[in-house]
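**Student:** got a structure for you, letters missing:
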DNA sequence: ACGCGGCGAGAACGATCGTTCTCGCCTCCT
DNA sequence: AGGAGGCGAGAACGATCGTTCTCGCCGCGT
């Protein structure tokens, strides 16, 4: 009950800090201050910073994919249109002021070479996204290769939007996706 | 003379460490040990770690683009083929054991929010790459939008290859690029 | 020959980090 | 009522980091 609430509060604070400033740049003390919890309780819920990072990535992966699927499902029933709606959702995401690229790519670049759990979380996130696109492509009648191509476009749009600091890569990627889908006959 | 040699040696060591393990994970002492130079000399050449990081990114940007242009220029004289040759060069890069994604994306994710120089270096690197592709596309008769689409494919391939740990994204991206170029009439 | 300026090697310093411990207080059970 | 155990607040600890300082030594100019 209250247990889950404080756990959620800790993860909320950790996510905002880790995603916004990088993982190594954020100390456990900053997480404690932002979450309003005491340091002892923080270590009761997450026995080490590595555990907190892992929980942060796991929760963000699930929520990210849930929100994407919800948006795409609500946008249209047309399978081809759903594949394009993915890029509309990306555009909305990129426009958020706190957007700073893919949390998993950032974490992978920072810790992937030394923290196997971080590398595995990033791999899992990307695999799940690719599988989601492959499912949409399958019901739309597009070949699996096209799904992989769309995944690369989305991936590229995410990092391009982060580095350039604007949301136009989403519309560029959507235009490219339209060409690829048309060429695939859907 | 010897001045440039030790500077190059320092940057060689710093690049291998920073790129392979992340910037924050590498201390100045590790750079000193790897370069064989004394700590005092290290700080004579680069007055702070920030300066060393900046020099590392600057040199890597120039060398990366030079090697890409050299490979593409030597591959074929056909403008459309040169655009595709970009992805062959990416495949070679991905296959290197030390490959760990784009150094600028990694540095941006780690320090971009707090170090403006790092963010600017990443932006400059991506802008220069996009401009290079735009030049190739122009002489190939492809519209600028297609060049932007190919840039997104390349960007996505780089991070996908890093996270997944294999080089196949390069051939996927090349296949997608072929479709886009054909649709653009080149 | 002799002093002096620069160098290598590494100790030292202050800050910060992840993690644990102390201490005083509050609450709850019998 | 009284003691025992858990909690909040923050000090403390050991490690590490970026950066600077010390010290002994070598070479070079006069």
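**Tutor:** That came in fine, so what should we check first? No experiment lies behind these values; they were computed from the predicted model shown. Residues are numbered from 1 along each chain as shown, chains lettered A, B, ... in the order given.
**Student:** what does chain A put close to DNA strand D?
**Tutor:** By Cβ under 7 Å from any atom of the strand, the residues of chain A that approach DNA strand D are A:38-41. C-betas here are computed from N, CA, C, even on glycine.
**Student:** ok, of those, which come out buried?
**Tutor:** The neighbour count (16 or more other Cβ atoms under 10 Å in any protein chain shown) marks nothing among those as buried.
**Student:** Tell me which two in the residues you listed are the farthest apart.
**Tutor:** A:39 and A:41 (7.4 Å; Cβ to Cβ).
**Student:** which SSE is residue A:91 in?
**Tutor:** Residue A:91 belongs to helix A:79-95 when assigned by DSSP states H and E.
**Student:** tell me which residues of that helix are tucked away?
**Tutor:** A:79-80, A:82-91, A:93-94.
**Student:** just curious, which of those residues is nearest to residue A:23?
**Tutor:** Distance to residue A:23 across those (Cβ to Cβ) is lowest for residue A:93, with 20.3 Å.
**Student:** need the longest helix for chain A.
**Tutor:** helix A:49-75 (DSSP state H).
**Student:** quick one: that one near chain B?
**Tutor:** No: residues of helix A:49-75 contacting chain B under Cβ under 8 Å from any Cβ of the partner chain: none, with a closest distance of 12.6 Å.
**Student:** what angle sits between that helix and helix A:79-95?
**Tutor:** 130 degrees (axes from the mean of the first three to the mean of the last three Cα atoms, to 10 degrees).
**Student:** Tell me which other helices or strands helix A:49-75 touches.
**Tutor:** Secondary structure elements in contact with helix A:49-75, counted by 3 or more Cβ pairs under 8 Å, 6 or more residues apart in numbering or on different chains; DSSP states H and E, are helix A:2-21, helix A:28-35, helix A:79-95, helix A:103-111, helix A:116-140.
**Student:** pLDDT averaged over that helix, what's the number?
**Tutor:** Mean pLDDT, computed over helix A:49-75, is 98.
**Student:** One more: stretch A:146-164?
**Tutor:** Mean predicted confidence for stretch A:146-164 is 98.
**Student:** Let me know whether that stretch sits next to chain B.
**Tutor:** Yes: Stretch A:146-164 is in contact with chain B by Cβ under 8 Å from any Cβ, via A:148-149, A:151-157, A:159-160, A:162-164.
**Student:** Widest-spaced pair of these?
**Tutor:** A:148 and A:164 (24.2 Å).
**Student:** can you pull the pLDDT of the residue nearest to residue A:42 when sequence neighbours are not counted?
**Tutor:** In this structure, residue A:42 finds its nearest non-sequential neighbour in residue A:32, 5.3 Å apart by Cβ to Cβ, 6 or more residues apart in numbering or on different chains. You'll see residue A:32 listed with a pLDDT of 97.
**Student:** so what's residue A:32 up against?
**Tutor:** A:38-39, A:42 (Cβ atoms under 8 Å, 6 or more residues apart in numbering or on different chains).
**Student:** Please apply the same query to residue A:99.
**Tutor:** Counting by Cβ under 8 Å, 6+ apart, residue A:99 has contacts A:93, A:161-162.
**Student:** before we move on, what about residue A:7?
**Tutor:** Contacts of residue A:7 (Cβ under 8 Å, 6+ apart): residue A:45.
**Student:** Residue A:144 now?
**Tutor:** If you count contacts by Cβ under 8 Å, 6+ apart, then residue A:144 has A:134, A:137-138 around it.
**Student:** Phi, psi for whatever residue of chain A ends up closest to DNA strand C please.
**Tutor:** Nearest residue of chain A to DNA strand C (Cβ to the nearest atom of the strand) works out as residue A:27 at 2.9 Å. Note on residue A:27: its backbone torsions stand at phi -90, psi 160 [degrees, to the nearest 10].
**Student:** Quick one: end-to-end length of stretch A:33-45, please.
**Tutor:** Terminal residues of stretch A:33-45 are spaced 15 Å apart (Cα to Cα, to the nearest Å).
**Student:** one step back: just put the contacts of residue A:32 in JSON lines and tack on secondary structure, distance to residue B:128 and pLDDT.
**Tutor:** Listed next are these as JSON lines, based on DSSP: H, G, I helix; E, B strand; the rest coil; distance: Cβ to Cβ, whole Å; pLDDT from 0 to 100:
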{"residue": "A:38", "secondary structure": "coil", "distance to residue B:128": "49", "pLDDT": "95"}
{"residue": "A:39", "secondary structure": "helix", "distance to residue B:128": "46", "pLDDT": "96"}
{"residue": "A:42", "secondary structure": "helix", "distance to residue B:128": "44", "pLDDT": "97"}
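**Student:** need those in CSV with distance to DNA strand C, can you?
**Tutor:** Output for the contacts of residue A:32, formatted as CSV (distance: Cβ to the nearest atom of the strand, whole Å):
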residue, distance to DNA strand C
A:38, 8
A:39, 4
A:42, 8
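**Student:** what's around residue A:69, how many residues?
**Tutor:** 16 (other Cβ atoms under 10 Å in any protein chain shown).
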